[in-house]
Structures are given as C-alpha cells and as structure tokens.
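Novice: Everything below, folded, please.
(chains A, B, C, D, E and F)
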4 protein chains.
Amino acid sequence: MRTVGSRGPKTMEAIMAAGVRLIYEHGYDALTLRQLAREVGLQPGSLYNYIETKQDLLVTLLRGHLTRLLVDVDQALAGVQDPLEKLRVFVEFHLMDHMVRKADVFIANSELRSLEPENRREIVSLRRAYERRLIDTLDECVAQGRLAPINTHVAAFAIIAMVTGICAWYRPDGPLTKAELVRMHTDMVFSGLPIPDEKK
Amino acid sequence: MRTVGSRGPKTMEAIMAAGVRLIYEHGYDALTLRQLAREVGLQPGSLYNYIETKQDLLVTLLRGHLTRLLVDVDQALAGVQDPLEKLRVFVEFHLMDHMVRKADVFIANSELRSLEPENRREIVSLRRAYERRLIDTLDECVAQGRLAPINTHVAAFAIIAMVTGICAWYRPDGPLTKAELVRMHTDMVFSGLPIPDEKK
Amino acid sequence: MRTVGSRGPKTMEAIMAAGVRLIYEHGYDALTLRQLAREVGLQPGSLYNYIETKQDLLVTLLRGHLTRLLVDVDQALAGVQDPLEKLRVFVEFHLMDHMVRKADVFIANSELRSLEPENRREIVSLRRAYERRLIDTLDECVAQGRLAPINTHVAAFAIIAMVTGICAWYRPDGPLTKAELVRMHTDMVFSGLPIPDEKK
Amino acid sequence: MRTVGSRGPKTMEAIMAAGVRLIYEHGYDALTLRQLAREVGLQPGSLYNYIETKQDLLVTLLRGHLTRLLVDVDQALAGVQDPLEKLRVFVEFHLMDHMVRKADVFIANSELRSLEPENRREIVSLRRAYERRLIDTLDECVAQGRLAPINTHVAAFAIIAMVTGICAWYRPDGPLTKAELVRMHTDMVFSGLPIPDEKK
DNA sequence: GATGAATGAGATTTCATTCAT
DNA sequence: CATGAATGAAATCTCATTCAT
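Specialist: Numbers count the residues shown, from 1 in each chain, chains lettered A, B, ... in the order given. Okay, the predicted model is just below:
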C-alpha cells in the first residue's frame, strides 16, 4: 500500500523540513529515522531513496543553510560603500535572518560536534566565511579611521555572540516586535564600539 | 580483576568529572555509559552504584553546576552597594567563571532539551534565578538613575548572550589572557549601556 | 545472512508457537527473547517486527487462547437443550480441549501473575466468561429440578479444578486413552453431584 | 552501619518467610535478591551469610514444606484403622492444610520447573511420597472391598487435583467458612467414589 | 519509489554473586 | 555478621541500514 500524495520532489522537501524541525527539537542524536519517516508518511527504509545516511541528512541541511546565508548576506551588502553603513547592514541582516530561521541557526551552532571530521571541516569553513564578512567590515572601518584600532576578531565574535544569542529566546508572540529588537541591538552594538566623533 | 579497596567517594567524583567532559565533547545522547565506565575504569553496570539512570547523571551534573554558580555569584556580590559597581562585579564574575568552567556552562546551555519535563523545570528555574541577579541589578541602576530607563530584561539577555558567547571560543592557549578578555568585554557592556554623565 | 523472501505471516505463527512452548517449559520470566529468536531463526531485534514488547507476546498468546476457547465451547453447547446434557457436553469438551492444549491451558493458569494490571484484568475477565458457561449450566439444572439445590459457584470451581488438574499429568503416551480418561472423569463429576432420581 | 534488631536465627526466619511470600506473589524468576534483602532489612550481599545461592533458597523452602507435610499427614493418619476413615482423614487434612498454607502449596506446585535437575528429583520424590499416602489408602479400601475396583492412581490424582484446586481461590474473607468448604468437598469426593452399600 | 522483513551492533539497565573491610 | 563496591553476564529493546519484491 503506497501513501498517496507524498511523491518525488515534494517528498524531498518534506524530509528536509521535518529534519530541521526534529533536530531542532530533539537534537541530531536523539532524532531517529523512524520518527522522521513517520513524520513524512513513509516507512523508514524509503528514506534511503532520498538520503544516503543519517549523517548525510545533517550535512545537506547545514550546507544548504550556510550557503544560502552567504548568498543572502552578500546580496544585502552589495553596493553598500560606507564601512560603518556596511556594519549596520550586516547586523540588521543577521538579526532579521536569525530571528526568522531560528531552527537552522540553532542546529548550525549546536550540531557541529555531530559531524564526522571531513564534513565538519566543510561546514566550519562555510561558517568562517560568513564571520569573515563581519571581520572584513570591521577591518575596513579601522583602516578608514571610522573605528579606533581594536582587535577586530574579538569584536566580531562578541557581536555575533550577542546578536545570535537573541534567537535563543526570541519568540514571535513575545512583547517586542522584530523591528524593535533589531533597533535595540543595533544600538547596543554601535554604542559598544569606539567610533570617533566626526566633524560635520 | 577487581580493584581492591573502598574507593567510593573518589569513584563518584571521577564519574561526574568524566561525565561533564564526555557530554561536553559528544553530547548527552551520544555519550554511552560504556564509554563513561571505561573512562573511570569500571564495568558499565557498576555505574549504577552511583547513579540511578543516565538521565539522573545529567540532572545531578546540571543541578550541581547551577547551585554552585548561585552560591558563588551571591558571594561575589555580597557587600557591594553601588549598583553600577554590582553590575561590573557580576559581569566580571560571569566572565571569569564561564571561561574557567567552559564545559559545565556549555552543557547547561545545550542539554536542557535532553531533560525530562520535570527535571527540565527544576534546572530552568535555577537558571532563571541566576539571570534574575543581573536583571535585579539593572533595575536597581535604573531606579537610582544610574542608568537611563531601558528594558532591563532585554538588556540582561543581551549581556548574558554576549559574555556567555565568549566561552564558546575562549581557549586557554589563545593569544589573549583572561584578564584582557574580561576588560574588553566589560568595556563593551558598559559602553553599550546608557549611563548618564554624573556631576563630580 | 538474510533469509530471502517475504515470510511475514509464517514467521508470526512460528513466533507464537515457539512462545507457547517455551513459556510452558520455562515460564514467562525465564523465557528470553534471545532463545525465542533462535528458535524461529531470527535475530532478537527482529522479533520486534511482530511483537511490541515481551509482555505483549504473553497477552497476545493468552487472549488468543481464551477467545478461541469461548468460541469453541459455545459451538459445542449450541443446540443442546437439556441442562444435564449440557453439563455433560461442557465437561467432555473441557477435558478433550485441555488434554490437547496442555501448554496453552497451563500458561493461562500460571502466568496471570506475570501480566501487568491492565492486561491481567482483560484476561481474567475472559476466563470468568468461560467459567460462567458452567455456572449458568449448573444454575439451569437446579432451576429445572435436575439437580438438588447446591452452591453452584463452589461446585463449578471444584469441577473445573478437578478436570483441569488432569492436564497437569496427562501424557499422550500414557496407559489410558483420552476417551477412557474422559469417561472416568465425567463419571466422577456426575456421581459427585446430587442428581435426584427421575421417574421413568 | 548495622541494622539493629535483625540478627541471627531471626534473620534466617525472616528471609524464609519473605522468600515464600515474594515467590508466591511474583514467581521465583521474578523474585530478585535485592527485593528480598530490602524486605528483611539487609544489603543484598548479606543474604549470602544465610543462603548459598538463590536456587538454594528455593530448594530449602520446598524441602521444608514437603517434609513438614509428610510428618503432619502421618501424624494425622496415625492410629486410624478403617481405610474409608483414613480416606476421610486424608481429605480433611489436605483441605485444612492447603487452605492455611496457600503460598507454600502454590510454589510447590508451580516452581518445580525452576529447580535444577538434581534438586527437582529430590523435591518430586517428596511429593510422590505424599501422594503415595492417598494411593495406598485407596488400595487398602479396594483390597478390603470397601471400594469397587478402580484405577487408584487416576482416582488419587483426580481427588488431589480437585481439593488442591480450591486453594487457588479460597480466601479467608470469603463467604464460606473453612469447615463448610471441607464438608462440601469431602462429600463430593465420597459420592464420586464407588462405595458399595454395606449391610449393617 | 515504496514496502516489509531482516540484520547486527549496541544501548541502558538488572542481577546474582563475590569479597575486602 | 554486615556493608559497599565491584564484576560479568545477560536481558529487553532500539536503531541505522539493506534489499528482494
């Protein structure tokens, strides 16, 4: 007996969507393929028409998330010249994106340790590339005197840690809108950085 | 071959220490009791002289970490009157503590989802109590006009997120000393907050 | 090495048959699923394609035995009008059935204590329904004056105890045929009951 | 720390009493020595000051029950000359005894299969010796013409099965007194046997 | 593409038993 | 005589994965 209605490409999408959700809720190790199969209306064995192994599912998910993130951040930064403005755009983009994609972000941060070494290397390097966008922007700021000389690596990690942290507790039905949260955190980031006064 | 001698309490400590380390490295679900037993030189079944279940191990670990954290933070804050000074003490304590206890901190943040509902409630409420220390301090600052009116909950979460984030990448053999990191982050926290100028 | 071919239903039957036999020989608690699996040519884990738990195996077995027993006894009694004749039919049916199905009968009597409370209730009520057939028949006998007034519950239990007891030692290769045993016990039952003389 | 008050011979008795009760309730296999130890206020290891193995506990229990049974039945029969009277005494003794010692009787009937071969042989032969008392009595009856010629083995088993069966459902708080039950069953036994009329 | 049956490895947990103290 | 710590074997059950149909 074949379940009607969950065929082909749609099935693949359903598997990925359910995969993200279940890993987010239970963790990669606690996720069972039986659970995943049930969720998308298949028998466990049938998943193997779509994924090669459980590990492969995780890698595919993380790779997809991070490549999309890179594409999107580059698109957001494209055409922005002023480095301080670039910094603002990055922070705003990161906040909006991470509030919307809570689950993807969470597993990208917490399931690195579940990756086999080779896969881990690949995913970590994608993440580094993303962080690089912020470090480069800070370096530009310093180079152009828009920021006092600082350890831009440390600053970048602190900024990312803070703004990423918010996705750990942001809830769409909470008392603050996304726009408000974005403004508040952007303010904190900017006032936390040593920006020299400029002559008007 | 049986290890001779009554090594009770020492074995308990060894189990807990190995437990933290292995959960930190592999995650609670990926940790096997076989592995843990091997690490402390026991047969798997012998662990049950010390813990009731695997879940019990996790709860004991987290409960121990958080109650110690509460005791220590209260001791650090004891006697400090000035609310801005209290804020500084909290931040410095948190940073020093979290850099030293990377592993405990990490599992307290990432393994909440591995707790059964009842245990989860207990641990979450301990964590809330700790966060409460910061929120209360911020409220005091605002009440005494040492801080412009802000949403102290949001600020507290942002601060904690940032300073906790550093334990994700701090490494004792890195280029910066603990003292330097503490100063840098304390600076960021304070310059990120709206502290009115005071007349001398 | 994997046994080829879809042997589903046959495997299920094999599991149930081996289950009855092994529980009969060793008892439910002493039965191990390893043993059962070996007996039907599977790996232990594969049993779980057919049963949900070990307890589930026992319940399925007992439920099957008792529902079959009820169906068969009703079929045997169907159409018999005379209550004394009904009594004879019941006793003969019970004896023949219990001699043939020694193992099922034995575990239905001895493994009730291995059932979890809910399952126990279900199985006990099936057994009560069976005993009810005999009590009702005795009541009819008394009502129609074919039997002097007696405590029909006590009589029913005594009869069942006696005729069931024989399955504890009946062996097909013994010196007495089934027919002989049936006649002997039926005689004992009838002469043990206060049947008034009837006028010819 | 030593538990006060459960020392020496009293401890041995407590272990045996708890052993009978727990085996009666849960079965020999389901009984754990931990449970037994808890019940008598000892640590599991301490049981080994009193028993050699778990199997040894069962054997000791069964041997004790059966030897006592033999002693008691012989005492009851001592001095009784008339074989029919002897039969009556046996049946009455058996009923009274088995109603009082439900638990011992039950495990003697149901846990034979838990005995290792050698132990089993010993216990079975004790049981045979007890049954022998009834068979011999029936043989005497036949020899003296007090009973029509019958297969005394079959009759003995049927009688024992019936009267033993009652201990499966007798409850001290039930509606019938022990005396009533004894009379009812003795009647059934006697009317079920072919006792020729005697001229006075 | 999907299923159902199977594998084989391994997980947590239980338990009888031992023995130095 | 009792304890506490340990063993080692085994029990039930789970799970990723395979593959003929």
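Novice: so how far is chain B from residue A:185?
Specialist: Counting by Cβ to the nearest Cβ, to the nearest Å, the separation of residue A:185 from chain B is 6 Å. C-beta here means a position set from N, CA and C on the backbone, and glycine is covered the same way.
Novice: How many residues are close by that residue?
Specialist: Residue A:185: 23 surrounding residues under other Cβ atoms under 10 Å in any protein chain shown.
Novice: OK, contacts around it?
Specialist: A:91, A:95, A:162, A:163, A:166, B:158 (Cβ atoms under 8 Å, 6 or more residues apart in numbering or on different chains).
Novice: could you say which helix or strand contains it?
Specialist: helix A:178-192 (DSSP states H and E).
Novice: Give me the mean pLDDT for that helix.
Specialist: On average, the pLDDT along helix A:178-192 is 86.
Novice: Also stretch A:131-151?
Specialist: 95.
Novice: could you pull out the strands for chain A?
Specialist: Using DSSP state E, no strands are found in chain A.
Novice: Tell me how it divides into domains.
Specialist: With domains defined by automatic domain parsing, chain A comprises A:1-51, A:53-192.
Novice: Among those, show me which one is buried the most.
Specialist: domain A:53-192 (a mean of 17; mean count of other Cβ atoms under 10 Å in any protein chain shown).
Novice: ok, is that one in contact with DNA strand E or not?
Specialist: No: using Cβ under 7 Å from any atom of the strand, domain A:53-192 stays clear of DNA strand E, coming no nearer than 12.1 Å.
Novice: chain center to that domain, what's the gap?
Specialist: 6 Å (Cα atoms, centre = their mean, to the nearest Å).
Novice: any idea of the pLDDT on residue A:154?
Specialist: So residue A:154 comes in at 85 (pLDDT).
Novice: and the gap between the spatially most central residue of chain A and residue B:113?
Specialist: Nearest residue to the geometric centre of chain A (Cα atoms, centre = their mean): residue A:105, 3.9 Å. Per Cβ to Cβ, to the nearest Å, residue A:105 is found 15 Å from residue B:113.
Novice: next one: residue A:125
Specialist: Taken as Cβ to Cβ, the span from residue A:125 to residue B:113 is 27 Å.
Novice: so what's residue A:149 up against?
Specialist: Per Cβ under 8 Å, 6+ apart, neighbours of residue A:149: residue A:142.
Novice: where does it fall, phi/psi-wise?
Specialist: phi -60, psi 130 (degrees, to the nearest 10).
Novice: Against residue B:107, how distant is it?
Specialist: With Cβ to Cβ as the criterion, residue A:149 and residue B:107 are 37 Å apart.
Novice: what's the closest non-adjacent residue to residue A:30?
Specialist: Excluding its sequence neighbours, the residue lying closest to residue A:30 (Cβ to Cβ, 6 or more residues apart in numbering or on different chains) is residue B:29, at 4.8 Å.
Novice: Any chance you could list what contacts stretch A:14-33?
Specialist: A:6, A:35-36, A:39-40, A:44, A:47, A:50-51, A:54, A:57-58, A:60-61, A:64, A:102-104, A:106-107, A:110-111, A:114, B:27, B:29-30, B:113-114.
Novice: Repeat the analysis, applying 7 Å as the threshold.
Specialist: A:6, A:35-36, A:39-40, A:44, A:47, A:50, A:54, A:57-58, A:61, A:103-104, A:106-107, A:111, A:114, B:27, B:29-30, B:113-114 (Cβ atoms under 7 Å, 6 or more residues apart in numbering or on different chains).
Novice: cool, and stretch A:78-91?
Specialist: Outside stretch A:78-91, the residues that touch it by Cβ under 7 Å, 6+ apart are A:73, A:76-77, A:133-134, A:137, A:140-141, A:144, A:146, A:163, A:186, A:189.
Novice: about what we covered before: let's have the domains of chain A in TSV, adding distance to residue C:179.
Specialist: Output for the domains of chain A, formatted as TSV (distance: least, Cβ to Cβ, whole Å):
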stretch	distance to residue C:179
domain A:1-51	50
domain A:53-192	63
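Novice: Kindly report which one of those domains carries the lowest mean pLDDT.
Specialist: domain A:1-51 (a mean of 88).
Novice: coming back round to it: give me the subset of the contacts of stretch A:14-33 lying in helices.
Specialist: Counting by DSSP state H, these place A:35, A:36, A:39, A:40, A:54, A:57, A:58, A:61, A:103, A:104, A:106, A:107 in helices.
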